[in-house]
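Colleague: Build me a model:
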Amino acid sequence: MGIFSRTRDIIAANVTDLLDRAEDPAKMIRMIIMEMEETLVEVRASAARTIADQKEMKRAMIKAEQAVKDWQDKAELALSKGREDLAKAALVEKNKAKSFIDTTQVEIDLLGETLALNEADIAKLESKLREARNRQNALFNRIESATQRSKLREMIRGPRVEEAFSRFEVLERRADMAEGRADALGLAGPRSLDDEFAALQGNDEVDAELEAMKARLGKSEG
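Modeller: So this is what the prediction gives:
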């Protein structure tokens, strides 16, 4: 079952409204384009048959016009020879040919009107088909863009990205540990027993030197 009942429905169709009401816009636009293309082929075929019929009728009219002339000549010849009966018969055939010409001309004119309608329909169908194809391109671009965005979001939120960040955290932890060890090497450790006695001895030497300095200063003042 087609979407349209054919040419008139397609020409009157609102493609945007059809897509807005469709559950699957991508499928709908493909069906619309397919039916438009099929209808366009049919209308063109009909136009081609009309043109062929016109040409055939015009050829028949040319023959009929020649027949009119021939029967006229024969009627005159028969009358000149005293054969009125033959002249009358020739005029009857001449009138038949003229009647055929008149009838055929009416049919050619009707075919011309039909062909004009076909041409108008073809132009409108082609316009509708261009509109549908433009809608299809825009729709597919939107779908592709949305698909790409979805893939990007899935990639960002996916296990690979989480695994990568986990690895970064491990490396950062290792860097913290390495820096901590380096900083620890610069800290002063606990004093050994020798260090403690050396410090005491250093203090005694400083005190002795201080007392000697005071004594010298006292003698100088006395």
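Colleague: ok, now how distant is the residue positioned nearest the centre of the chain from Ala26?
Modeller: Centroid check for the chain by Cα atoms, centre = their mean gives Asn137 as the closest residue, at 2.0 Å. Plainly put, Asn137 is 12 Å away from Ala26 if you go by Cβ to Cβ, to the nearest Å. C-beta here means a position set from N, CA and C on the backbone, and glycine is covered the same way.
Colleague: and if you look at Lys63?
Modeller: Where Ala26 is concerned, Lys63 sits at a distance of 57 Å (Cβ to Cβ).
Colleague: same thing with Met57?
Modeller: For Met57, the distance to Ala26 - Cβ to Cβ - is 47 Å.
Colleague: now Ala138
Modeller: Following Cβ to Cβ, the distance that separates Ala138 from Ala26 is 12 Å.
Colleague: Neighbour count: those two, which is higher?
Modeller: Counted by other Cβ atoms under 10 Å, Ala138 and Ala26 do not tie: Ala26 has more neighbours, with 14 against 11.
Colleague: give the contact list for Lys124.
Modeller: By Cβ atoms under 8 Å, 6 or more residues apart in numbering, the contact list for Lys124 reads Ile11.
Colleague: Compute the distance between it and Ala45, please.
Modeller: 17 Å.
Colleague: Please enumerate the helices of this protein.
Modeller: Secondary structure of the chain by DSSP state H: the helices cover 7-12, 15-21, 25-80, 84-157, 159-185, 193-221.
Colleague: Least reliable of those by average pLDDT, please.
Modeller: Of all the helices of the chain, mean pLDDT reaches its minimum on helix 159-185 (a mean of 64).
Colleague: Would you map out the domains in the chain?
Modeller: Per the record, the chain has its domains at 7-163, 189-222, by automatic domain parsing.
Colleague: most neighbours per residue, which of those domains?
Modeller: Comparing the domains of the chain by mean neighbour count (mean count of other Cβ atoms under 10 Å), domain 7-163 comes out on top with a mean of 14.
Colleague: any idea how far that domain is from the chain center?
Modeller: 28 Å (Cα atoms, centre = their mean, to the nearest Å).
Colleague: hang on, the earlier thing: how about the domains of the chain in CSV, adding distance to Glu169?
Modeller: Listed next are the domains of the chain as CSV, based on distance: least, Cβ to Cβ, whole Å:
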stretch, distance to Glu169
domain 7-163, 11
domain 189-222, 32
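Colleague: Select, out of those domains, the one closest to Met177.
Modeller: domain 189-222 (19.7 Å; Cβ to Cβ).
Colleague: Hmm, Asp17 and Arg135 touching each other?
Modeller: No - counting by Cβ atoms under 8 Å, Arg135 does not reach Asp17; the two are 11.4 Å apart.
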